[in-house]
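Asks: Here is a sequence with its predicted model. Questions after.
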Amino acid sequence: MPSRLHFGEDDFLRCRFAVSPLWETQEVVRMLKRPERQGYHAHWLRRMGRIAAGLDLTDLWLLMPQPGYCPDWLCPPPIGPAATFEEEIAAVRASDPEAAREETAQSLADTPGALELPQARAWLRHPARMIEHLSDLMEEAYRALVAPDWPRLRALLEADVAFHSRRLAEVGLGGLLPEISHRFGWHAGTLTVEHRGRHERRLGGQGLVLMPSVFIWPDVVSTFEPPWQPTLVYPARGIGALWSEAGDRAGEVLVQLLGRGRASVLAALDEPATTTALAHRLGLAPSSVSAHLTLLRRAGLLTARRYGHQVLYERTPLGIALASGGS
């Protein structure tokens, strides 16, 4: 049976998008344990496998039963549309020990025998120590596995938000949600979500957080019980090209026409991105990327639009045709 979220009038006014480095950290840890999630990340695994193998993630995996409940306190809904990891992990460290103990016990109960483990018993006796220990592990995982690629990941996630924000304005929430995933259905103010587990909830004026994720594919998550704000997590657009090197995709004809630098920049824009993200992805100086973007925009191959404090560049139809024909 699907999960169902029932919207009232006020809920439509309180729907928002968010990007969360804490969530990506949780999901990359989960992905390392689940081969069915690794299909799009083979290049990343080859590059980061030795680093990942050097981390002891056993305690985090213990609270990620499949299927089952992962405690909300360990990865709560994002506190803002673009919160930093430091802000998010500070909120985790400030979790109420008694609430964390209850949620942790619920999660451990979903893994046969877990409640009898010495580590689990220690956590439930001393939840404040548990919070400190698991927060430290989550921060270690972020620094080792997510932070080195966060500019690239953030650019992809923000491009997804920009795209779906435009679609929201064009087709409304009821039209957008089934577009985001075939697992989402909409009828008469009720969202249905086909996934593991089942719950039913009236949003009650809290609205809904829509959050793209790189490492959650192919799953979706409709998560967080009261008092947490309801959140819908879905695979971000464009993950298929996330780890490929843009320079390898710039065909020789495109290189001959534009020059290697501008061809690489145009080829890299499978999804909208900022100057900084492109520079990180291509290994070029931001000033060089900025110059290429300016010329490509003047030639009618790119457009630019502001997203918060950043400017996102994306191909025009002419740029898409040229990049496709040149690769």
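Replies: Structure received.

Asks: Please make it C-alpha for all contacts and neighbour counts, starting now.
Replies: Noted.

Asks: residue contacts, A285?
Replies: Taking C-alpha atoms under 8 Å, 6 or more residues apart in numbering, we find A285 in contact with A279.

Asks: can you offset everything so residue one is 53?
Replies: Fine by me, first position is 53 from now on; the one you just mentioned is A337.

Asks: list the buried ones in the helix or strand containing A214?
Replies: Element membership of A214, judged by DSSP states H and E, is helix 202-232. Across helix 202-232, burial judged by 16 or more other C-alpha atoms under 10 Å covers 202-214, 216-217, 219, 225-226, 228-230, 232.

Asks: Now the element after it, going C-ward?
Replies: strand 236-239.

Asks: ok, now how distant is V223 from A151?
Replies: As judged by C-alpha to C-alpha, to the nearest Å, V223 and A151 stand 40 Å apart.

Asks: Going by contacts, tell me the helices and strands next to the helix holding A214.
Replies: With contacts defined as 3 or more C-alpha pairs under 8 Å, 6 or more residues apart in numbering; DSSP states H and E, helix 202-232 has these neighbours: strand 236-239, strand 261-265, helix 327-334.

Asks: And the helix or strand just after the last one, what does it pack against?
Replies: The C-terminal neighbour of helix 327-334 among helices and strands, as given by DSSP H and E, is helix 338-350. Identification of packing neighbours for helix 338-350 by 3+ C-alpha pairs under 8 Å, 6+ apart yields helix 312-320, helix 327-334, strand 354-359.

Asks: Measure how the longest one sits relative to helix 327-334, angle-wise.
Replies: Orientation of helix 312-320 against helix 327-334 (axes from the mean of the first three to the mean of the last three C-alpha atoms, to 10 degrees) gives an angle of 100 degrees.

Asks: Could you pull out the helices in the stretch 53-202 of the chain for me?
Replies: 61-64, 73-85, 94-105, 110-114, 137-145, 149-160, 170-177, 179-193, 202-232 (DSSP state H, counting those that start in this stretch).

Asks: Buried deepest among those helices, which one?
Replies: helix 73-85 (a mean of 21; mean count of other C-alpha atoms under 10 Å).

Asks: Convert that one to CSV, retaining C-alpha atoms only.
Replies: Extracted in CSV, the C-alpha atoms of helix 73-85 (Å, rounded to 0.1, in the frame of the first residue of the first chain):
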residue,chain,number,x,y,z
PRO,A,73,24.7,18.2,2.7
LEU,A,74,23.8,16.3,5.9
TRP,A,75,21.2,14.3,3.9
GLU,A,76,23.8,13.5,1.2
THR,A,77,26.2,12.3,3.9
GLN,A,78,23.6,9.9,5.3
GLU,A,79,22.7,8.7,1.8
VAL,A,80,26.3,8.1,0.7
VAL,A,81,26.9,6.0,3.8
ARG,A,82,23.7,4.1,3.0
MET,A,83,24.8,3.7,-0.6
LEU,A,84,28.1,2.1,0.4
LYS,A,85,26.1,-0.7,2.1
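
Asks: returning to what we had before: out of the helices and strands packed on helix 338-350, which comes closest to L107?
Replies: helix 327-334 (25.3 Å; C-alpha to C-alpha).

Asks: can you give me how far the closest one is from the chain middle?
Replies: Counting by C-alpha atoms, centre = their mean, to the nearest Å, helix 327-334 is centred 19 Å from the centre of its parent chain.

Asks: which strands and helices sit next to it?
Replies: Checking 3+ C-alpha pairs under 8 Å, 6+ apart, helix 327-334 ends up next to helix 202-232, helix 298-301, helix 312-320, helix 338-350, strand 362-367.

Asks: Just tell me which of those ends up closest to E277.
Replies: Nearest to E277, of all the helices and strands packed on helix 327-334, is helix 202-232, at 20.5 Å by C-alpha to C-alpha.

Asks: angle of that closest one against strand 261-265?
Replies: In terms of direction (the same axes, to 10 degrees), helix 202-232 departs from strand 261-265 by 120 degrees.

Asks: What mean pLDDT does helix 202-232 get?
Replies: For helix 202-232, mean pLDDT rounds to 87.

Asks: got the angle for that helix vs strand 354-359?
Replies: Using the same axes, to 10 degrees: helix 202-232 against strand 354-359 is 90 degrees.

Asks: From the chain's centre, how far out is helix 202-232? Work that out for me.
Replies: On the basis of C-alpha atoms, centre = their mean, helix 202-232 sits 12 Å off its chain's mean C-alpha point.
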